[in-house]
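Q: no sequence on this one, just coordinates:
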């Protein structure tokens, strides 16, 4: 949000330069946390103030939705049908590595 | 993930107790970060090892999907049609508050 470009300020300025009068900012977040409740509205307000004549509207976050339920269901079905069972030896190896140098999972 | 209950270990144990032989663990994450790549597979492997006869399969994260594109598009449309333009006075107030005590947004 404050790391990736374009920033909200940059993006709104570009929309304004392109003639936009109303800009929708859609938070790509699963839940209504601090970024959604405070940071994004604050950045949107600053962007709107910096571009007179442009309205900024902040959309709802992704949140709960029947499309999301369907998406997760699809992921579960795909894993159930085609997924590979996880290798429990990896867990045993990780446990053993706690007391030795047998881990191959460098970090 | 390690904070909310049931934990992966608890959930897999419950599924095993209910007679499951194959358990799908669906990461509720937008992208393939460290939790999805390392932490969840590791916890799933431990859970599988703790429940002999039970296979654990880790599903893909939510990620990129046409349903997600539709979901975000719906959020944008709703905001464009019914959203309230953000109050730029909030930004001005916040800026002023940087040098005074006029902010009403205590944090």
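A: Okay, I see it. Remember, it's a predicted structure, so these values are computed and weren't measured experimentally. Residues are numbered from 1 along each chain as shown, chains lettered A, B, ... in the order given.

Q: buried set for stretch A:78-87?
A: A:79, A:83, A:86 (16 or more other C-beta atoms under 10 Å in any protein chain shown). Bear in mind the C-beta positions are built from the backbone N, C-alpha and C, glycine included.

Q: quick one: contacts of that stretch?
A: B:22, B:24, B:26, B:41, B:44-45, B:48, B:55-60 (C-beta atoms under 8 Å, 6 or more residues apart in numbering or on different chains).

Q: from those, which two are the most distant?
A: B:48 and B:60 (18.2 Å; C-beta to C-beta).

Q: re the thing from before, neighbour count, secondary structure and distance to residue B:6 for the contacts of stretch A:78-87 - can I get that in CSV?
A: Shown next, in CSV, are the contacts of stretch A:78-87 (neighbours: other C-beta atoms under 10 Å in any protein chain shown; DSSP: H, G, I helix; E, B strand; the rest coil; distance: C-beta to C-beta, whole Å):
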residue, neighbour count, secondary structure, distance to residue B:6
B:22, 13, strand, 18
B:24, 20, strand, 15
B:26, 22, coil, 14
B:41, 19, helix, 18
B:44, 27, helix, 14
B:45, 24, helix, 17
B:48, 24, helix, 16
B:55, 17, strand, 19
B:56, 30, strand, 14
B:57, 21, strand, 18
B:58, 22, strand, 16
B:59, 21, coil, 17
B:60, 18, coil, 21
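
Q: filter the residues you listed down to the ones close to chain A.
A: Restricting the contacts of stretch A:78-87 to those touching chain A (C-beta under 8 Å from any C-beta of the partner chain) yields B:22, B:24, B:26, B:41, B:44-45, B:48, B:55-60.

Q: Can you read off the pLDDT for residue A:4?
A: Per-residue pLDDT puts residue A:4 at 85.

Q: Is there a neighbour count for it? I'd like the number.
A: 6 (other C-beta atoms under 10 Å in any protein chain shown).

Q: ok, now the one 10 residues further on?
A: Counted with other C-beta under 10 Å, residues neighbouring residue A:14 total 12.

Q: Wait, it touches residue A:8, no?
A: No. Applying C-beta atoms under 8 Å as the test, residue A:14 and residue A:8 come out as separate, 10.8 Å apart.

Q: And residue A:70, how close does it get to residue A:76?
A: 11 Å (C-beta to C-beta, to the nearest Å).

Q: Looking at the two, which is more packed in?
A: Between residue A:70 and residue A:76, counting by other C-beta under 10 Å, residue A:76 is the more crowded of the two (17 against 14).

Q: Distance from the chain centre to the host helix or strand of that one, please.
A: Assigned by DSSP states H and E, residue A:76 belongs to helix A:66-82. Centroid separation for helix A:66-82 versus its chain: 19 Å, with C-alpha atoms, centre = their mean, to the nearest Å.
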